[in-house]
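> test case, fold it:
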Amino acid sequence: MEIAHVYSKKRREFGRQCQFSDYTPPADKLKNGTIDPDPSMHEQYIFKSPCDAACQSAPEMSEHETNTERFETETHGMCHVEGGWPKDISIQEAEQTIRFRKKVEKDEVYIGVIQRLCNVMEQRIKQNNAIDIYEEYFDGIEDTMQATPPEAKIVNIYRDQQKVSRSVASMCWSPDGGYKLAAAYSILDFQKSDPNVKLDSYIWDISNPNRPEMSLRPSSPIVSLEYSPKDAHTVIAGLYNGQVAFWDLRKGPQPVDTSAIEHSHTDSVRRVIYLSAKSGSEFFSTSTDGKVLWWDIRKLAEPYETLELLASKTSTDKIGGTALEFESTMPTKFMVGTEQGSIISCNRKGKTAADKMAGFFYGHHGPVHTVQRSPFVPKNFLSIGDWTCRLWSEDIKETSILWTRSDESFLTDGCWSPTRPAVFYTSKQNGSLDTWDLLQNQAAPILTTPVCANALQCVRIQDQGELMVCGAKNGTITLIELSESLRTGQGNEKAAFTAIMERETRREKILEGRQREMKLKEKQGKAAPPAEAEAAEGGEEGDPVVK
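Down below sits the predicted model:
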């Protein structure tokens, strides 16, 4: 087969034709079979001396990275009731099953197998009776503080399933062991919400960070949510449009009931908390509209009690609520943190709104993000706001008894340790988590953990004190494992913490009394005649405190 290729270009486009021919050099230029160089071209050569050359004895290597395909696991279950019957035997027919059992029991193979199994089972039972596997070897010995330094290790990260970044507004651990987490996602920035973004919030299983276990689909973004302490399948939530809703997780992602919009809050619900009622169906909520409402999920159409938050007992101006605190051991008392930086101690026994607001605590220069009582000494509580965390006593309303130094970054949330009385945690806007131990250092945190590059919005700690979650503004939830020294304390830690709180309370009472004396003397000096005032000033020259 002949193959030909035809060029379509013109001859002149190929350039000048190369002419090759045989050439025999002259005898005078050919010496020993070689041709000597042309001296006229010597000047065109560049002589380089010395000549350095580098080489590497190690073999050349290249680095490559690859990521395996993500493998998502799903949990499936099967309920096995009864099996092993032949196809022609119906387990619903008692006569057929009895007849088949009698037939099998008469078989010699069946009797031999049962005898062998009985011998093996008898030996295992004797072994179990010989050793008490539930014996407490070190019962009665007090636990001591671990010598290991405090440490917080990031274990897992749970990301929002939406492409548009949403903030983690609230989180709550499930009451049945703390292995499930309810997280609320919403865009709280004014007029920055995207209408194309789904409103779903999620229930996470902490063992599976790839996909949430369940979605909650509200009519408006969820701002706060809470598990029922008596039923792990019930979740209540406060919505962005002011409504409240509750879910029965066994019935699907849609809410079972939602409050009527005309009887709800007029602004976003910042906090919802269950009450310690026998029915387990009552809760209350607060919002920046200046109201606290009490609800019952059995009749969620409208609240059964309302309280308007006032700036003071003598004022009629309403102030917005941003945080709630309720202690089950004090069923009629609760606390509200406000947008103006004050904390209101309330009692439901009062007849009027002014009577229900028993006391005011002033100290923050911005909204109060968190109010939480100490789980070991309930009369002491912490508050988070502006750049500081403050510790208060119910006996002192003029000022806090302890407070942290003003941080460079805003504090966003905080919580007490449920297992160590003197330990609490604070989250900051720069994405770090501070751990404080009042017995070790009252001036600075004992541990600062960088969690993420975005601002942290909320933190929640497990009831066992082993795990903690931090929700960020970009929608990621970080699971942190706390070291043994942060979740196990000494036996006398509660007594030492109580002593610190009582000492600081006494100190503030003394300073408060001294300040009251100075104000009283100042008033008396202004009311007295000039001569008496000069005599009074002359008599006080020896008191350096007054001067």
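
> and stretch 416-433, end to end?
With Cα to Cα, to the nearest Å applied, stretch 416-433 spans 13 Å between its terminal residues.

> V168 and I206, how far apart?
15 Å (Cβ to Cβ, to the nearest Å). Every residue, glycine included, has its C-beta placed from N, CA and C.

> ugh, typo on my part, it should be R217
Counting by Cβ to Cβ, the separation of R217 from I206 is 22 Å.

> neighbour count: the two, which is higher?
Between R217 and I206, I206 has the larger neighbour count (other Cβ atoms under 10 Å), namely 20 against 14.

> hmm, that one is touching K180, no?
Yes - under the criterion of Cβ atoms under 8 Å, I206 makes contact with K180 at 7.2 Å.

> where do the contact lists of these two overlap?
Residues touching both I206 and K180 (Cβ atoms under 8 Å, 6 or more residues apart in numbering): none.

> return the set of buried residues in the host helix or strand of Q524.
Q524 belongs to helix 493-527 when assigned by DSSP states H and E. Of all the residues in helix 493-527, those buried under the rule 16 or more other Cβ atoms under 10 Å are 493-494, 497-498, 500-501, 504-505, 508.

> need the mean per-residue confidence for that helix.
Average pLDDT, helix 493-527: 88.

> what helices and strands are in contact with that helix?
Here helix 493-527 touches strand 388-393, helix 530-539, going by 3 or more Cβ pairs under 8 Å, 6 or more residues apart in numbering; DSSP states H and E.

> check what contacts the shortest one and list those residues.
By that I understand strand 388-393. With contact meaning Cβ under 8 Å, 6+ apart, strand 388-393 is reached by 343, 361, 363-364, 379-383, 400-407, 411, 414, 424, 426, 436, 501, 504-505, 508.

> in helices only, show me these.
Under the assignment DSSP state H, the contacts of strand 388-393 contribute 501, 504-505, 508 to helices.

> distance to Q162 added to those, as TSV?
Listed next are those as TSV, based on distance: Cβ to Cβ, whole Å:
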residue	distance to Q162
M501	44
E504	46
T505	48
E508	48
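
> I'd say P331 and E282 touch.
No - using Cβ under 8 Å, P331 is not in contact with E282; the gap is 10.7 Å.

> which one of those two has more residues nearby?
More crowded of P331 and E282, by other Cβ under 10 Å: E282, with 17 against 12.

> quick one: that one and V272 touch, right?
No - the pair E282 / V272 is not scored as a contact, 11.4 Å apart, by Cβ under 8 Å.

> output the below-cut-off pLDDT ranges for this protein.
The chain contains residues with pLDDT under 70 at 1, 7, 26-35, 80-83, 141-147, 190-191, 528-547.

> tell me which strands and helices the helix or strand harbouring M121 is in contact with?
Under DSSP H and E, the secondary-structure element containing M121 is helix 108-130. Of the remaining helices and strands, none touches helix 108-130 by 3+ Cβ pairs under 8 Å, 6+ apart.

> return the distance of that helix from the chain's centre.
Mean-position distance between helix 108-130 and its chain equals 52 Å (Cα atoms, centre = their mean, to the nearest Å).

> quick check: what element follows it along the chain?
Next helix or strand after helix 108-130 toward the C-terminus (DSSP H and E): strand 152-158.

> how about the strands of the stretch 251-400 of the chain, start to end?
Under the criterion DSSP state E, counting those that start in this stretch, the stretch 251-400 of the chain contains strands at 257-258, 269-274, 282-287, 291-296, 305-308, 321-326, 333-338, 342-347, 357-362, 368-373, 380-385, 388-393.

> who are the packing partners of the fifth one?
Using 3+ Cβ pairs under 8 Å, 6+ apart as the contact criterion, the secondary-structure elements in contact with strand 305-308 are strand 291-296, helix 353-356.

> so L307 sits against S287, correct?
No - using Cβ under 8 Å, L307 is not in contact with S287; the gap is 11.8 Å.

> those two: who's more crowded?
Per other Cβ under 10 Å, whichever of L307 and S287 has more neighbours is S287, with 26 against 23.

> that one pairs with what?
V269 (DSSP bridges).

> equivalent analysis for D413, please.
With DSSP bridges as the criterion, D413 is bridged to S427.

> and if you look at E325?
Here E325 sits in beta bridges with M335, going by DSSP bridges.

> whatever helix or strand L479 lives in: which residues count as buried?
Using DSSP H and E, the element containing L479 is strand 477-482. Under the neighbour-count criterion of 16+ other Cβ under 10 Å, strand 477-482 has 477-480, 482 buried.

> closest to N196 out of those residues?
I477 (23.0 Å; Cβ to Cβ).

> who are the neighbours in contact with that closest one?
Neighbour list for I477: 157-159, 168, 171, 181, 183, 204, 469-471 [criterion: Cβ under 8 Å, 6+ apart].

> cool, and L309?
By Cβ under 8 Å, 6+ apart, the contact list for L309 reads 286, 290-292, 318-321, 336, 338, 344, 357.

> now the buried members of these.
Buried, going by 16+ other Cβ under 10 Å: 286, 290-292, 319-321, 336, 338, 344, 357, out of the contacts of L309.

> can you name the two of the residues you listed that are farthest apart?
Across these, the longest distance by Cβ to Cβ is 14.5 Å; it joins G320 and M357.

> just the residues contacting stretch 453-463, thanks.
Residues from elsewhere that reach stretch 453-463 (Cβ under 8 Å, 6+ apart): 167-173, 175, 178, 181, 412-415, 417-418, 425, 427-433, 467-474, 476.

> among these, name the ones in helices.
Going by DSSP H, the helices hold none of those.

> buried ones only from these, please, as a PyMOL command.
To isolate the buried ones among these in PyMOL, judged by 16+ other Cβ under 10 Å, type:
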select buried, resi 167+168+169+170+171+172+173+178+181+412+413+414+415+417+418+425+427+428+429+430+431+432+433+467+468+469+470+471+472+473+474+476
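
> dihedrals phi and psi, the closest residue in space to A444 that isn't next to it in sequence?
Leaving aside its chain neighbours, A444 sits nearest to R405 (7.8 Å; criterion: Cβ to Cβ, 6 or more residues apart in numbering). Taking degrees, to the nearest 10, you get phi -70, psi 150 for the backbone angles of R405.

> quick check: R405 vs C389, distance?
Distance, R405 to C389, using Cβ to Cβ: 10 Å.

> relative to G350, how far out is the nearest residue to N347 once chain neighbours are set aside?
Distances taken as Cβ to Cβ, 6+ apart put A358 closest to N347, at 5.0 Å, once the chain neighbours are dropped. Here A358 is placed at a distance of 7 Å from G350 (Cβ to Cβ).

> and the two? Which one has more around it.
A358 (17 against 14).

> would you confirm that that one contacts C346?
Yes - taking Cβ under 8 Å as the definition, A358 is a contact partner of C346 at 6.4 Å.
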